[in-house]
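Peer 1: Next input, structure requested:
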Amino acid sequence: MIFIQSVIIISFFLVSLIEFGGADAQEQEIVTNDTSALMEKGLALVDLGQHEEAIRYFDKVIAIDPNDVDALINKGSTFIILGKYEEAIKYYDKVLAIDPNNALASGNKGLANDYLDR
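Peer 2: The predicted structure is shown next:
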């Protein structure tokens, strides 16, 4: 079980929370197109347990660059944390369509399938 958790954790990096203003995160409009800042904010929100809000930030990165493998993997990994394994698999499949040899996407997809007893 430790290995399984490590696979998910590896796809998230510890980052500092970037402040984009004083409003609560759920009331706040995402106004930047800086994909690095958006990714860091999303990862920080994952670390804080604010998974649905993190997905909004990963979505913004994906809207800017639909082939951003890191954003796709992070969104898939967040869905695994939420127990939404079928959703996670969709994002890992997108990564594998872009990069068929991506070991993290492949491993996490296998993990999601295991949780679904496939």
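Peer 1: Please, where are all the helices along the protein?
Peer 2: In the chain, the helices defined using DSSP state H lie at 2-10, 35-47, 51-64, 69-81, 85-98, 103-115.
Peer 1: just for the protein, where's the confidence low?
Peer 2: Scanning the chain for pLDDT under 70 picks out 1-29, 118.
Peer 1: Give me the most central residue, the protein.
Peer 2: Closest residue to the average C-alpha location of the chain: residue 74 at 1.9 Å, with C-alpha atoms, centre = their mean.
Peer 1: That one contacts residue 59, correct?
Peer 2: No. Counting by C-beta atoms under 8 Å, residue 59 is not a contact partner of residue 74; they are 10.6 Å apart. C-betas here are computed from N, CA, C, even on glycine.
Peer 1: The spatially closest residue to the residue nearest to the centre of the chain that is not a sequence neighbour: what's it in contact with?
Peer 2: Leaving out its chain neighbours, the residue that sits closest to residue 74 by C-beta to C-beta, 6 or more residues apart in numbering is residue 58, at 5.3 Å. Residues near residue 58 by C-beta atoms under 8 Å, 6 or more residues apart in numbering: 38, 39, 42, 71, 72, 74, 75, 78.
Peer 1: repeat that with 10 Å
Peer 2: 38-39, 41-43, 45-46, 68, 70-79, 91 (C-beta atoms under 10 Å, 6 or more residues apart in numbering).
Peer 1: do the same with residue 70
Peer 2: Taking C-beta under 10 Å, 6+ apart as the test, what residue 70 contacts is 11, 13, 35, 36, 39, 42, 43, 58, 61, 95, 104.
Peer 1: Please tell me how far it sits from residue 91.
Peer 2: The gap separating residue 70 from residue 91 is 11 Å, by C-beta to C-beta, to the nearest Å.
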